[in-house]
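Asker: Sequence below, structure please.
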Amino acid sequence: MTISEPCFKGVWSQIRKRLSQADMEEAGMIARLLWTRRNDFVDGKELRHPNSIIQKAAADLMCFRETQNKTSVETNRGSRPHVKWKRPPEGKYKLNWDAAMDVSRGLVGMGAIIRDYNREVLATLRARRKLTLSPFNAEAHALMLAVLFSKEAGFLDLMLEADSLHVVEKLEKPVEDWSIGGLIVKDTRNVLKSFVSWSVCHTKRDANMVAHKLAKDALLSDYDQYDLEEIPICIKQLVATEAL
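Answerer: Modelled structure (predicted):
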């Protein structure tokens, strides 16, 4: 695409005519961050690497779309109750996992929780890695870590659940994907072959908030935390609410 305009306003006008809505949203995020990068540099701050701009734009765009989708659903359906976490069938365990990102520091927080039919918390995981990943790759990394943790802890009859539709679909219906996240999901499927049984399903963020809070809390710690039959303080209230 070649555009020759004397000012940014003219360039933006031409871009709007040629890009789809989704591409326009991404371009807008990147343009905003580039301008912020320029201002920070003028103010004497370190010039951020272009890769950090792309990663931050992807994370911001994901949050924007999730908010837009939530607003749209609430507008179309009124004040619909939040989706609640559901316990697994008797004799099975449910693993919820999530990832959180601190793009400015290049960190990924990963959280996971295993509960049973009685809604008892059997195990939790909080881990932080110094990685610069896309949201999909971060969620895939969290999935792998959670599955390995479950295997090590002996929970081999597992229902997996998360709010990352992309990762869930990749795990449920494998397709050729040579991206970092795609390869991680493929390796995770190989690990799951050693389990007694497993299944995976997608849920809304409302029903995955405990795992999300664990992932956010992981960003605050310098070391991994693995707890068996103990409930971390950061999720105690939420776990109690979901057990009602």
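Asker: which residues in the chain form strands?
Answerer: With DSSP state E as the criterion, the chain has strands at 93-102, 107-115, 121-130, 157-162, 197-202, 225-228.
Asker: Output those strands in TSV; the columns should cover mean pLDDT.
Answerer: Below are these laid out as TSV (pLDDT from 0 to 100):
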stretch	mean pLDDT
strand 93-102	96
strand 107-115	97
strand 121-130	96
strand 157-162	97
strand 197-202	96
strand 225-228	93
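Asker: Now render those strands as a markdown table, adding mean neighbour count and distance to residue 143.
Answerer: Where C-beta positions appear, they are placed from N, C-alpha and C, glycine not excepted. Listed next are the strands of the chain as a markdown table, based on neighbours: other Cβ atoms under 10 Å; distance: least, Cβ to Cβ, whole Å:
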| stretch | mean neighbour count | distance to residue 143 |
| --- | --- | --- |
| strand 93-102 | 24 | 6 |
| strand 107-115 | 26 | 9 |
| strand 121-130 | 21 | 11 |
| strand 157-162 | 22 | 7 |
| strand 197-202 | 15 | 9 |
| strand 225-228 | 14 | 16 |
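Asker: In JSON lines: the ones you listed, plus distance to residue 238.
Answerer: Listed next are the strands of the chain as JSON lines, based on distance: least, Cβ to Cβ, whole Å:
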{"stretch": "strand 93-102", "distance to residue 238": "12"}
{"stretch": "strand 107-115", "distance to residue 238": "10"}
{"stretch": "strand 121-130", "distance to residue 238": "11"}
{"stretch": "strand 157-162", "distance to residue 238": "16"}
{"stretch": "strand 197-202", "distance to residue 238": "20"}
{"stretch": "strand 225-228", "distance to residue 238": "15"}
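Asker: Give me the below-cutoff pLDDT ranges for this protein.
Answerer: Applying pLDDT under 70 to the chain flags the ranges 1-6, 8, 59-60, 63-81.
Asker: Now do the closest residue to residue 52 other than its chain neighbours against residue 176, distance only.
Answerer: Closest residue to residue 52 apart from its sequence neighbours, by Cβ to Cβ, 6 or more residues apart in numbering: residue 103 at 6.5 Å. Distance of residue 103 to residue 176, computed by Cβ to Cβ, to the nearest Å: 29 Å.
Asker: the more surrounded of these two?
Answerer: residue 103 (18 against 6; other Cβ atoms under 10 Å).
Asker: Distance check, that one against residue 221.
Answerer: Distance from residue 103 to residue 221, by Cβ to Cβ: 18 Å.
Asker: dump the residue contacts of the nearest residue to residue 94 once chain neighbours are set aside.
Answerer: In space, and not counting its chain neighbours, residue 94 is closest to residue 88: 4.0 Å by Cβ to Cβ, 6+ apart. Listed by Cβ atoms under 8 Å, 6 or more residues apart in numbering, the contact set of residue 88 reads 94, 115, 116, 117, 159.
Asker: Likewise for residue 37?
Answerer: Residue 37 neighbours (Cβ under 8 Å, 6+ apart): 47, 48, 53.
Asker: What subset of those is buried?
Answerer: The neighbour-count criterion (16 or more other Cβ atoms under 10 Å) marks 48, 53 among the contacts of residue 37 as buried.
Asker: need the contacts of residue 37 in CSV with distance to residue 216, can you?
Answerer: Shown next, in CSV, are the contacts of residue 37 (distance: Cβ to Cβ, whole Å):
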residue, distance to residue 216
47, 29
48, 23
53, 23
